[in-house]
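Q: Return a 3D structure for these sequence lines:
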Amino acid sequence: MNKFPKMIKTLIPSIVMILILSAFSSPAGFQTDAAKLQADSTVPAEVVPNGITKDEIDTSLTAYMKMAKGDSLRLGILERPFSETDMEYHPETDLISIMVSEDDNFYYFSIEVNDIDDTAGYPSANYDLEFDTDKDLKGDFILWAAGDGSTDWNQEGVALLQDNNNDVGGVTAVIPDPDAGDGYETVLFSSEVLDEPDMAWKRVDPDMPNVVQLAIKKTVLTGGQFYWKAWADGSVAEPGQYDYNDFYSDAEAGSPDLDSADYPVKQLNLLDSTCWSAYGFQPREMTGGCYKAPQQVKQKHVAPPPAT
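A: Numbers count the residues shown, from 1 in each chain. Here you go, the predicted structure:
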């Protein structure tokens, strides 16, 4: 079920070769550098600070009908924690809530799913966070983490990617358009790319086995103001295809809506995502955003008194 991002895989042979050549040319120096990277790492807090919680739709309440509410492919807000065609409910891909908090070094995202994967014994999907730092609802970074059962902060299966050419979402943010780009094409951090060895981390909450905690270094998201969007992805798992609704038509994606002509879910399955939420600022109304600006009260027009 877990798929490590394809574009990271393509980098692995080159990186491995570089490491091998370095080891042969200067073994002692290579070991010293590796030890220094480990020593210089800043590890997230053992106790994650409390923060602000965003609640999500609990699709287990409608799973017996093999349907979900709140799904909108047009807005890129997916609520479909079901397997393809047969609509088998998978609680490890059903987001229930996300708590956002911070300390001096990291932003923390505690992602609660409905339950663990019974077969694996832990949340086994990919758990991802998109970040929009220029506030146009087109992602600039994505933090990618393959679920496992470790309750210690670790970086196995963790990657941070960036959209350097600004084509995530195509020409038009959020809604589908035919001008799909190449998604998040630049790897900033992974277990093989360690220019900054403490950039991103993951673990399972030691007290709650259905909560995946992700931490991202605050130096990545400078300024302290950004939009964020959370994902549970147990199928496509392809950062090069963001936004998904630019790559899949309604018919290809399918739908969890019983009244839809595209029911059931098809190629976009085992997925759950949030709308875009603001952190550190008051957002304005935007398509695909979680918040809407307060409605202005229109002043009542009063006719002037008649001339005397």
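Q: check contacts around I57.
A: The contact partners of I57, taken as CB atoms under 8 Å, 6 or more residues apart in numbering, are A68, K69, G70, E79. (Each C-beta comes from the backbone N, C-alpha and C, glycine too.)
Q: Check W201 too.
A: The contact partners of W201, taken as CB under 8 Å, 6+ apart, are V43, P44, F106, W153, N154, Q155, V158, L214, A215.
Q: One more: Y244?
A: Going by CB under 8 Å, 6+ apart, Y244 touches G76, L78, V236, A253, L268, L271.
Q: Share the number of residues neighbouring the fourth one, please.
A: As a burial measure, the neighbour count of A253 was computed by other CB atoms under 10 Å and equals 23.
Q: go on, the fifth one?
A: Per other CB under 10 Å, the neighbour tally for L268 reads 24.
Q: That one touches Y248, doesn't it?
A: Yes - counting by CB atoms under 8 Å, L268 touches Y248, with 5.5 Å between them.
Q: okay, and the common contacts of those two?
A: The contact sets of L268 and Y248 overlap at L73 (CB under 8 Å, 6+ apart).
Q: how about the helices of the stretch 201-308 of the chain, start to end?
A: Along the stretch 201-308 of the chain, counting by DSSP state H, counting those that start in this stretch, helices occupy 250-253.
Q: Where do the strands of it begin and end?
A: For the stretch 201-308 of the chain, the strands defined by DSSP state E, counting those that start in this stretch cover 211-217, 226-233, 271-273, 277-279.
Q: For the second one, give the mean pLDDT please.
A: In this case it means strand 226-233. Mean pLDDT, strand 226-233: 98.
Q: Just checking: what are the partner strands of it?
A: Applying DSSP bridges, strand 226-233 is found paired with strand 126-132 (antiparallel), strand 271-273 (antiparallel), strand 277-279 (antiparallel).
Q: any residues touching it, and which ones?
A: Counting by CB under 8 Å, 6+ apart, 81, 92-95, 98, 100, 109, 111, 113, 125-133, 135, 137, 139, 270-280, 283, 289 sit against strand 226-233.
Q: relative orientation of that strand and strand 211-217 in degrees?
A: Angle between the axes of strand 226-233 and strand 211-217 is 140 degrees (criterion: axes from the mean of the first three to the mean of the last three CA atoms, to 10 degrees).
Q: CSV please, covering the strands of the stretch 201-308 of the chain and showing distance to D148.
A: Output for the strands of the stretch 201-308 of the chain, formatted as CSV (distance: least, CB to CB, whole Å):
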stretch, distance to D148
strand 211-217, 9
strand 226-233, 14
strand 271-273, 19
strand 277-279, 26
